[in-house]
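Trainee: got a sequence here, can you model it:
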Amino acid sequence: MKQTNLVLVRHGQSEWNKKNLFTGWKDPNLTDLGIEEAKKAGNLLKERGLAFDIMFTSDLFRAQETGRIILEQMNLGHIEVVKDQSLNERNYGDLAGLNKDEARVKWGEEQVHIWRRSYDIPPPGGESLKNTAERVLPYFNSEILPKIKESQNILVAAHGNSLRALVMELEKISSDEIVKLEIATGDPLTYKCSDQGIIRID
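Mentor: The predicted structure follows:
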């Protein structure tokens, strides 16, 4: 296949990010800052001379809107957009909607840290990062990877933990190390895809 691009971008700041709330599958809107982050990402990708044939995004508005704004900035609003809950953020279960500081008071700082930063221990009623990876990676392999092999340029607009799961696979990062990885809102991760593999370039 010819060399193509895969770009992963976490949605811009959401209203619940700003309020320090566990969000998960809840569906808040972007803040004004989040909208600006998405515009900045689109302009950055355009300046780099990138273009896309198709965008994959989650079933949640903040990711869809981030992707829409990016494509608008790049004059690519006409391309195909595929939405699927397989790319949704990690489900935080009983933590969803709670302020992170309030959750520490309720369950203790150590327990909340374990739920947030362990690989395979889920919060009550929710998913671990391992559980998230178990839905994200099969979807990537069945729906996104074939498009890459068809030499299509791909944008994935999703979430911190669904993208962590992808980065873990693409960059062969261990389960101990991946939980330490921070993916900033609106900051694109770019990969070159070729017969030699998928390699991060920034």
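
Trainee: in the longest helix seen in the chain, what's buried?
Mentor: The residue-count maximum for a helix in the chain (DSSP state H) belongs to helix 32-47. Residues of helix 32-47 classed as buried: 34-35, 37-42, 44-45 (neighbour count, 16 or more other CB atoms under 10 Å). No exception for glycine: its C-beta is placed from N, CA and C like everyone else's.

Trainee: parallel or antiparallel, list what pairs with the helix or strand following it.
Mentor: Going down the chain from helix 32-47, the next helix or strand is strand 54-57, by DSSP states H and E. If you go by DSSP bridges, strand 54-57 pairs up with strand 80-83 (parallel), strand 154-158 (parallel).

Trainee: sorry, back to before: any chance of a markdown table for the buried residues of helix 32-47, columns distance to Trp107 and pLDDT?
Mentor: Converted to a markdown table, the buried residues of helix 32-47 look like this (distance: CB to CB, whole Å; pLDDT from 0 to 100):
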| residue | distance to Trp107 | pLDDT |
| --- | --- | --- |
| Gly34 | 28 | 98 |
| Ile35 | 33 | 98 |
| Glu37 | 31 | 98 |
| Ala38 | 33 | 98 |
| Lys39 | 38 | 98 |
| Lys40 | 36 | 98 |
| Ala41 | 35 | 98 |
| Gly42 | 39 | 98 |
| Leu44 | 39 | 97 |
| Leu45 | 40 | 98 |
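
Trainee: show me where this structure dips below the pLDDT cut-off.
Mentor: 1 (pLDDT under 70).

Trainee: tell me which stretches of the protein form helices.
Mentor: Along the chain, counting by DSSP H, helices occupy 15-18, 32-47, 61-73, 100-107, 109-117, 129-139, 145-149, 160-170, 175-178.

Trainee: ok, Ile121 touching Ile114?
Mentor: Yes. Under the criterion of CB atoms under 8 Å, Ile121 makes contact with Ile114 at 5.6 Å.

Trainee: picking up where we left off before, next, the angle from the longest helix of the chain to strand 154-158.
Mentor: Interaxial angle of helix 32-47 relative to strand 154-158 (axes from the mean of the first three to the mean of the last three CA atoms, to 10 degrees): 170 degrees.

Trainee: ok, and what's touching helix 32-47?
Mentor: Outside helix 32-47, the residues that touch it by CB atoms under 8 Å, 6 or more residues apart in numbering are 7, 9, 11-14, 17-18, 30, 62, 65-66, 69-75, 185-188.

Trainee: let's see it at 6 Å
Mentor: The contact list for helix 32-47 (CB atoms under 6 Å, 6 or more residues apart in numbering) reads 9, 12-14, 66, 69-70, 73-74, 185-186, 188.

Trainee: greatest separation within these: which pair is it?
Mentor: Using CB to CB, the contacts of helix 32-47 span at most 21.9 Å, a distance reached by Ser14 and Met74.

Trainee: now Ala41: closest residue in space that isn't a chain neighbour?
Mentor: Once flanking residues are discounted, Ala41 sits nearest to Gly186: 4.9 Å by CB to CB, 6 or more residues apart in numbering.

Trainee: stretch 59-78: how far from the chain's middle?
Mentor: In terms of CA atoms, centre = their mean, to the nearest Å, the centre of stretch 59-78 is found 13 Å from the chain centre.
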